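Asker: predicted model and sequence follow; I will ask about them next.
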Amino acid sequence: DFSLSQKITGRDSAKDDRHIEIDLGESGLTYQTGDALGVWFENDEALVDELIAELGYNADYKVNLSISGEDKEFS
């Protein structure tokens with residue numbers, strides 16, 4: 001359960017970095033100063049296919065993004 005979720009990047013920033021406080025409660029997890037939490041997600045393929053079809057996009061279209069100074073291509 002989130003106790004706090006506060007954006008810490010500037011108002012005009014393209015990034016959305018947050019300070020989040022999580023209540024570990026009775027989870028059995030422990031935390032030490034300096035620990036970090038990583039969040040990875042996976043899109044539901046059926047929902048992505050439906051969205052692409054609804055918007056009339058081509059699922060094979062490639063998008064180029066620069067991430068940390070490295071150009072990467074995504075479908």
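Answerer: Thanks, I have it. None of the values given here were measured: they were computed from a predicted structure.
Asker: please enumerate the helices of the protein.
Answerer: All helices of the chain, identified by DSSP state H, fall at 45-55.
Asker: most remote residue from it's center?
Answerer: When distances are taken from the C-alpha mean of the chain, E26 lies farthest, 26.3 Å away, according to CA atoms, centre = their mean.
Asker: for the protein, which spans come out with low pLDDT?
Answerer: Low-confidence segments of the chain, defined by pLDDT under 70: 1-2.
Asker: those strands in it, which residues are they?
Answerer: Assigned by DSSP state E, the strands in the chain fall at 2-7, 18-22, 63-67, 70-74.
Asker: let me know which of those strands is tucked in deepest.
Answerer: Mean neighbour counts were compared across the strands of the chain using mean count of other CB atoms under 10 Å; the top stretch is strand 18-22, at a mean of 11. (Glycine included, C-beta is placed from N, CA and C.)
Asker: phi, psi of D17?
Answerer: When quoted as degrees, to the nearest 10, the phi and psi of D17 stand at phi -90, psi 140.
Asker: so who does the closest residue to it other than its chain neighbours touch?
Answerer: Nearest non-adjacent residue to D17, counting by CB to CB, 6 or more residues apart in numbering: T9, 4.6 Å away. By CB atoms under 8 Å, 6 or more residues apart in numbering, the residues touching T9 are K15, D16, D17.
Asker: tell me the one of these nearest E42?
Answerer: Within the set of the contacts of T9, D16 lies nearest E42; the separation is 19.4 Å, counting by CB to CB.
Asker: so the closest one makes contact with K7?
Answerer: Yes. Between D16 and K7 there is a contact at 6.2 Å, judged by CB atoms under 8 Å.
Asker: now D49. Nearest residue, chain neighbours left out?
Answerer: Leaving out its chain neighbours, the residue that sits closest to D49 by CB to CB, 6+ apart is A59, at 7.3 Å.
Asker: the residue nearest to D17 and D44, how far apart?
Answerer: T9 sits 28 Å away from D44 when distances are taken as CB to CB, to the nearest Å.
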